[in-house]
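Chemist: this one's sequence-less:
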């Protein structure tokens, strides 16, 4: 039969416009706040696709499954293999899903114009696997459920599974549904590969169980139970200890260049800003090194700091003052200490930030906006003291920021 | 022989055995499968269509055994199957459904689409090719089912009670089509309608309680017994079933 005739009778014909409109609605505001990297755009598109297209495809699959069941197809006298029958039935539905995702990627390409890189194929592949799995689940359910029940059940049920775990605890649950990469990724972050693997494993198990259920009927009940249980056994340990967000610090993708004896590195997406960033960051590091009496770093980088490297950030739109402020405050401890019964050093954070930023050469207005005017005045009171006193004040308060037994001191005696 | 069953045993459950040791070779040409309700006619056709797999024994057609994976597709391509209830596929036209049936039987999409029109002409549904399947009457649906078995040029077609529920005119029309369809292929039809058996079929297989009560030419089925002349099909049916009971 000509393909256009097959398309005409398929549920995909009706599901396609609905899923596309809903996906662009879900994409909505997200496109306006994308980070300057393709990974964030890919994750946004994939997550919106999974959330909008997944339920629509599951419902369309339920309709197609019920259609074949009502027509007596799959009773057992066919020459075609079950996978061919299923594939031919779901081709219009999944084709529509792929076209919708492609349209979103085209929109993403316009929004990301000028940002180097490409959509992440792994994220897109995982999203498509989740969509295919739910389509198969709907198709399989359609064999046993009347469409009046099956279609709304799959539409709403799939949406609940994809949308709600993000709003509830435990956290690991949200990392299994295939939608939680939606929180990823700032330019200095990437998604953890094991989260993607867990989602894909569970989705593949769902697809396999659904296919067996459709192809072999109730005799495959063991597969419907065992395959997802085994997959959950594989996936759960991968996400058990994850927090609410699926992102980890990025470690590769830096572009580096020497600048006045110091190596300066930015993310490759910001390569065009390397010279401007270096022109600001290296002198600031030199001033900070002298003021705080710490060794000049060999490297100033947007990537992982430590070991002779200082961190900074030069996102699009950040001016020199912001870059300097970021460089200076990167010297603060990354995380507060876990203090039972309160943290006496908490008050040191903003004054020390202000002192570091002013010492590095950040404009007073920027420091005042970021750290607060009161803290700027404390920092200025420290800055008029002799250098040795300033260094002692800094070291005491850095100790207060990293320990539970050291209180912070506003101003120390010279 | 179109299809033969050797030593076949089959049951839907342990406590629902239909056949224990069935040996049967369907005669060539047009064969009518008769038997009381529950005799196993539909199950026998299901085994012949490879819908079911025998618990023991063997089903074969032209040396192909559907229980063997390597033979299954070729066997199914040889055998056309029309269930008791022909159901329309929502969203498809009459021709599309027949073309789809051909594709399911292993034809290419193009060949199935071409063959669908010829099959519909054979069952006198050519004029309704573009009508939605859902709008067909009961009699038209049966002819649609027959077209689905004809589209892939099966060597044997199995029809399970194709005229049940049809009015006499529709039944007569369907029998005429079956007669024509059986000119160049084997046709096995299970039915309770025995009023026109002599005009339509060459052979009879009579099942009773899972056993073959008679299998052979129609003439032998109705042949004279003792001092009585040839019987009607109905009398012969009663005699054979009564003997078995």
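Modeler: Structure's in. What do you need? None of the values given here were measured: they were computed from a predicted structure.
Chemist: so residue B:171 touches residue B:165, yeah?
Modeler: No - in this structure, residue B:171 is not within contact of residue B:165 by C-beta atoms under 8 Å, at 9.5 Å. Every residue, glycine included, has its C-beta placed from N, CA and C.
Chemist: these two - which one has more neighbours?
Modeler: Shown here are residue B:171 and residue B:165; by other C-beta atoms under 10 Å in any protein chain shown, residue B:171 has more neighbours (20 against 13).
Chemist: tell me the SS of that one?
Modeler: helix (DSSP: H, G, I helix; E, B strand; the rest coil).
Chemist: OK, contacts around it?
Modeler: B:163, B:193, B:196 (C-beta atoms under 8 Å, 6 or more residues apart in numbering or on different chains).
Chemist: out of these, who's the most crowded?
Modeler: Most crowded among those, counting by other C-beta under 10 Å, is residue B:163 at 22 neighbours.
Chemist: find the nearest non-adjacent residue to that one, please.
Modeler: residue B:171 (4.5 Å; C-beta to C-beta, 6 or more residues apart in numbering or on different chains).
Chemist: can you list the residues of chain B near chain A?
Modeler: B:49-52, B:73, B:76-77, B:79, B:81, B:83, B:85-93, B:96-97, B:99-100, B:103-106, B:109, B:112-113, B:116 (C-beta under 8 Å from any C-beta of the partner chain).
Chemist: in strands only, show me those.
Modeler: If you go by DSSP state E, the residues of chain B next to chain A have B:79, B:81 in strands.
Chemist: list only buried entries from the residues of chain B next to chain A.
Modeler: Those of these that meet the buried threshold are B:49-52, B:73, B:76-77, B:79, B:81, B:83, B:86-93, B:96-97, B:99-100, B:103-106, B:109, B:112-113, B:116, by 16 or more other C-beta atoms under 10 Å in any protein chain shown.
Chemist: could you list the domains of chain A?
Modeler: Here chain A is described, according to automatic domain parsing, as comprising the domains A:3-249, A:254-402.
Chemist: let me know which of the ones you listed is tucked in deepest.
Modeler: Of all these, domain A:3-249 has the most neighbours on average by mean count of other C-beta atoms under 10 Å in any protein chain shown, namely a mean of 20.
Chemist: start and end of that domain, how far apart?
Modeler: Criterion C-alpha to C-alpha, to the nearest Å; first-to-last residue distance in domain A:3-249 is 47 Å.
Chemist: tell me the contacts of residue B:149?
Modeler: Per C-beta under 8 Å, 6+ apart, neighbours of residue B:149: B:80-82, B:101, B:157-159.
Chemist: that one: what secondary structure?
Modeler: Put simply, residue B:149 is helix when judged by three-state DSSP.
Chemist: ok so, going back, closest to chain A out of the contacts of residue B:171?
Modeler: Within those, proximity to chain A (C-beta to the nearest C-beta) peaks at residue B:163, which comes in at 18.5 Å.
Chemist: residues contacting the closest one?
Modeler: B:142, B:170-171, B:174-175, B:191, B:193.
Chemist: so the residue nearest to residue B:170 when sequence neighbours are not counted is in which element?
Modeler: Once flanking residues are discounted, residue B:170 sits nearest to residue B:139: 3.7 Å by C-beta to C-beta, 6+ apart. According to DSSP states H and E, residue B:139 maps onto helix B:138-150.
Chemist: tell me the first helix or strand C-terminal of that helix.
Modeler: Taking DSSP H and E, what comes next after helix B:138-150 is strand B:156-160.
Chemist: which other helices and strands contact that following strand?
Modeler: Judged by 3 or more C-beta pairs under 8 Å, 6 or more residues apart in numbering or on different chains; DSSP states H and E, the packing partners of strand B:156-160 are helix B:41-48, strand B:79-82, helix B:138-150, strand B:186-190.
Chemist: list the buried residues for the helix holding residue B:139?
Modeler: Buried residues in helix B:138-150 (16+ other C-beta under 10 Å): B:139-150.
Chemist: how much space between the residue nearest to residue A:161 when sequence neighbours are not counted and chain B?
Modeler: Among residues not flanking residue A:161 along the chain, residue A:177 sits closest, at 6.0 Å (C-beta to C-beta, 6+ apart). Here the distance between residue A:177 and chain B works out to 32 Å (C-beta to the nearest C-beta, to the nearest Å).
Chemist: in TSV, list the domains of chain A along with mean pLDDT.
Modeler: Shown next, in TSV, are the domains of chain A (pLDDT from 0 to 100):
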stretch	mean pLDDT
domain A:3-249	90
domain A:254-402	88
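Chemist: nearest to residue B:203, of those domains?
Modeler: Ranking these by proximity to residue B:203 (C-beta to C-beta) places domain A:3-249 first, at 22.9 Å.
Chemist: what ranges does chain A have for its strands?
Modeler: With DSSP E as the criterion, chain A has strands at A:189-190, A:248-249, A:254-259, A:262-267, A:299-301, A:309-311.
Chemist: and the third one, which strands flank it?
Modeler: For strand A:254-259, the pairing partners within the sheet under DSSP bridges are strand A:262-267 (antiparallel).
Chemist: swap in the fifth one?
Modeler: Looking at strand A:299-301 with DSSP bridges, its partner strands are strand A:262-267 (parallel), strand A:309-311 (parallel).
Chemist: report the distance from it to the chain centre.
Modeler: 25 Å (C-alpha atoms, centre = their mean, to the nearest Å).
Chemist: tell me, what's the model's pLDDT at residue B:243?
Modeler: Looking at residue B:243, its pLDDT is 56.
Chemist: report the distance from the lengthiest helix in chain A to the chain centre.
Modeler: Counting residues, the longest helix found in chain A (DSSP state H) is helix A:38-70. Per C-alpha atoms, centre = their mean, the displacement of helix A:38-70 from the mean C-alpha position of its chain is 20 Å.
Chemist: elements contacting it?
Modeler: Against helix A:38-70 (3+ C-beta pairs under 8 Å, 6+ apart) you get helix A:12-27, helix A:82-111, helix A:121-144, helix A:147-163.
Chemist: cutoff 10 Å now
Modeler: Using 3 or more C-beta pairs under 10 Å, 6 or more residues apart in numbering or on different chains; DSSP states H and E as the contact test, the elements touching helix A:38-70 are helix A:12-27, helix A:82-111, helix A:121-144, helix A:147-163, strand A:189-190, helix A:193-216.
Chemist: what lies in contact with the helix or strand bottoming out on mean pLDDT in chain B?
Modeler: Sorting the helices and strands of chain B by mean pLDDT, DSSP states H and E puts helix B:233-244 at the bottom, at a mean of 76. By C-beta atoms under 10 Å, 6 or more residues apart in numbering or on different chains, the residues outside helix B:233-244 that reach it are B:32, B:34-36, B:39, B:192, B:194-198, B:201, B:204, B:206-209, B:211-214, B:218, B:220-223, B:225, B:228, B:230-232.
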